[in-house]
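In: Dropping a prediction and its sequence here:
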Amino acid sequence: MVQKVFRAGKAHFQCKECGFSYKDRIWAEKCEQYCKKYHSCSLEITKHSVS
Ligand SMILES: [Zn+2]
C-alpha cells in the first residue's frame with residue numbers, strides 16, 4: 001500500500017517496498033507493484049521519483 005508522506009510541506013507518495021517517493025500516486029503504485037513482483041526497482045519508474 002502506497003503511503004502518503006509530507007516532505008517540506010508537500011505531499012508525496014512513497015513506495016513502501018523501496019522507499020522512493022513520487023509526486024504522483026500513479027508512479028508510486030507502479031513502483032510498488034514492480035518492486036513486489038521483481039524484488040528490485042525499475043529505472044523507468046524510479047526516474048520519476050523525487051529526491
Ligand atoms: Zn518501489
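Out: Received, thanks.

In: which SS class is Val5?
Out: strand (DSSP: H, G, I helix; E, B strand; the rest coil).

In: Identify each of the helices in the protein and give its residue range.
Out: 25-38, 43-46 (DSSP state H).

In: winner for burial among these?
Out: Compared across those, helix 25-38 shows the largest average neighbour count, a mean of 17 (mean count of other CB atoms under 10 Å). (Each C-beta comes from the backbone N, C-alpha and C, glycine too.)

In: Using CSV, write out every CA atom in it.
Out: Output in CSV follows, covering the C-alpha atoms of helix 25-38 (Å, rounded to 0.1, in the frame of the first residue of the first chain):
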residue,chain,number,x,y,z
ARG,A,25,0.4,8.4,-6.7
ILE,A,26,0.3,6.5,-10.0
TRP,A,27,4.1,6.2,-10.1
ALA,A,28,4.3,5.2,-6.6
GLU,A,29,1.8,2.5,-7.3
LYS,A,30,3.6,1.3,-10.4
CYS,A,31,6.8,1.2,-8.4
GLU,A,32,5.3,-0.8,-5.6
GLN,A,33,3.8,-3.3,-8.0
TYR,A,34,7.1,-3.7,-9.8
CYS,A,35,9.1,-3.9,-6.6
LYS,A,36,6.8,-6.6,-5.2
LYS,A,37,6.9,-8.6,-8.3
TYR,A,38,10.6,-8.4,-9.2
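
In: Could you list every helix and strand in contact with that helix?
Out: Packing partners of helix 25-38 (3 or more CB pairs under 8 Å, 6 or more residues apart in numbering; DSSP states H and E): strand 10-14, strand 21-22, helix 43-46.

In: Ile45 is in contact with Lys30, correct?
Out: Yes: Lys30 is within contact range of Ile45, at 5.4 Å (criterion: CB atoms under 8 Å).

In: distance of the residue lying farthest from the centre of the chain from Gln3?
Out: Largest separation from the mean C-alpha position in the chain: Gly9, at 17.7 Å (CA atoms, centre = their mean). Plainly put, Gly9 is 17 Å away from Gln3 if you go by CB to CB, to the nearest Å.
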